[in-house]
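Engineer: Model the following, please.
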Amino acid sequence: MDTERMDTDQKDTDQKDTERMLALAQALAEAKSRQDLPAAMRLLHRDMVLQAPAFGTTATGPAENEQTLAAFFTAFPDYDVTLEGHAAGEGTLVCWGTARMTMTGGGFGVTPNGNRAELPVFIQFTFADGLIAGERFFFDLSALCAQSGVSTDAVRAVLFGDTLSVAAGAR
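Structural biologist: Just a heads-up that it's a prediction; the model follows:
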């Protein structure tokens with residue numbers, strides 16, 4: 001087999017891998033946008049690690065992931081995400097898009113204004129055994145808080161026990 005043919009075969013394999021990863025990511029986005037916890041859980045590997053740095057959370061395994069997603073759907077009952085683009089390589093997929101959600105205040109210690117926030121997001125996925133094994137969900141917490149009419153400092157104090165930023169904001 002010549003080098004050119006091997007390169008073509010590798011590109012075909014990479015394209016198929018990307019298509020499989022994207023299909024899983026899109027299915028998860030759709031399940032979460034419906035707040036369909038059982039459908040979302042079926043897409044996750046038993047060793048799934050879900051990270052949301054803006055919230056300071058990491059969930060590992062089925063029980064923690066189910067609990068974390070249920071709490072997220074309670075806090076943002078109209079959550080909807082649209083994946084608008086992606087890049088892939090070596091078992092990793094990064095998607096970017098827009099999340100729309102209304103903060104209820106549950107668990108954040110604040111009273112939001114009820115407006116639906118619209119935020120750019122990017123999500124890094126890893127895969128194992130044909131399922132999603134890792135998700136890192138990135139968005140701007142300050143933008144969410146601003147659109148929801150609440151203090152980022154107050155939310156951070158609840159999420160991270162960050163009393164210094166609340167004190168600094170009170171000056």
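Engineer: which stretches of this structure form strands?
Structural biologist: 44-52, 57-60, 80-89, 92-102, 116-128, 131-138 (DSSP state E).
Engineer: Return the set of buried residues in the fifth one.
Structural biologist: Looking back up the chat, that one is strand 116-128. Under the neighbour-count criterion of 16 or more other Cβ atoms under 10 Å, strand 116-128 has 117, 119, 121-123, 125-127 buried. No exception for glycine: its C-beta is placed from N, CA and C like everyone else's.
Engineer: List the neighbouring strands of that strand plus their orientation.
Structural biologist: strand 92-102 (antiparallel), strand 131-138 (antiparallel) (DSSP bridges).
Engineer: Output those strands as a markdown table; include the columns mean neighbour count.
Structural biologist: Putting the strands paired with strand 116-128 into a markdown table (neighbours: other Cβ atoms under 10 Å) gives the following:
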| stretch | mean neighbour count |
| --- | --- |
| strand 92-102 | 18 |
| strand 131-138 | 18 |
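Engineer: how about those in a markdown table, adding mean pLDDT and distance to M41?
Structural biologist: Below are the strands paired with strand 116-128 laid out as a markdown table (pLDDT from 0 to 100; distance: least, Cβ to Cβ, whole Å):
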| stretch | mean pLDDT | distance to M41 |
| --- | --- | --- |
| strand 92-102 | 98 | 19 |
| strand 131-138 | 98 | 10 |
